[in-house]
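Participant: Whatever this is, show me its structure:
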Amino acid sequence: MPGTKTVVISDIHVSDGAPYSWFTASCSDRLIAMLDMVVNDPEVGELVLLGDIFDLWLYPVDVAPLTVGAILDKNPQVATALRACVAAKSAVYYINGNHDSEATTADLADPRLTSDGKQIKVITTDWYKQNCNSKWHFEHGHEADMFNAPDDSDETIGGYPLGYFITRLAATPRSQSSHMTR
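Facilitator: Numbers count the residues shown, from 1 in each chain. Alright, predicted model coming up:
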């Protein structure tokens, strides 16, 4: 009988480990250990990755943000640990956050994350509530935040919310960003 517990993880911000990154080598080690615990706990039946697992925002303005595939290239041990969760658990769900809003089903179907035809399933909060467990409501929370909520108006740059641009500026070294404001 599969486990009945659900583990929820969010805001890991896996990226390239550069100085501007929030994800460091010690974060990688802790994440891998946590995912190993998920794999080895028979009481855990499913894993919900609740947004900002990958960071597709936090890069200086002169650096193209990495794709999920490029992040996996830089973090093969994390990919292996996620794949082990897919293999061991009845389901691994992915609800996008703001920093990984562009992560798609195709991104998560990467062979480094799949196992015997099983893959991480990209879902919405409402889908989970209706199809998995009506007792739970999981959401990343960015949709209620004026800086990070998706903006479908025609008044945005590329459809990104203001928080995307603030994050890019915050990741830019001071010498470079002060150069931009002159």
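Participant: Now do the longest strand seen in the chain: which elements does it pack against?
Facilitator: The single longest strand within the chain, with elements called by DSSP state E, is strand 44-50. Here strand 44-50 touches strand 5-9, strand 91-95, going by 3 or more C-beta pairs under 8 Å, 6 or more residues apart in numbering; DSSP states H and E. Bear in mind the C-beta positions are built from the backbone N, C-alpha and C, glycine included.
Participant: Generate CSV for these, with mean neighbour count and mean pLDDT as supplementary columns.
Facilitator: Converted to CSV, these look like this (neighbours: other C-beta atoms under 10 Å; pLDDT from 0 to 100):
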stretch, mean neighbour count, mean pLDDT
strand 5-9, 16, 95
strand 91-95, 22, 96
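Participant: Include distance to Glu155 when you put these into CSV, please.
Facilitator: As requested, the helices and strands packed on strand 44-50 are arranged in CSV below (distance: least, C-beta to C-beta, whole Å):
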stretch, distance to Glu155
strand 5-9, 34
strand 91-95, 27
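Participant: quick one: which of the ones you listed is nearest Arg168?
Facilitator: With respect to Arg168, and counting by C-beta to C-beta, the nearest of these is strand 91-95 at 23.5 Å.
Participant: who's in contact with the strand or helix carrying Ile166?
Facilitator: Per DSSP states H and E: Ile166 is located in helix 162-171. Under the criterion C-beta atoms under 8 Å, 6 or more residues apart in numbering, residues 20, 57-61, 63, 98-99, 142, 145-148, 157, 177 lie in contact with helix 162-171.
Participant: for the residue nearest the centre of the chain, phi and psi?
Facilitator: The chain has Ile53 as the residue nearest its centroid, 2.1 Å off, counting by C-alpha atoms, centre = their mean. Main-chain torsions, Ile53, degrees, to the nearest 10: phi -70, psi -40.
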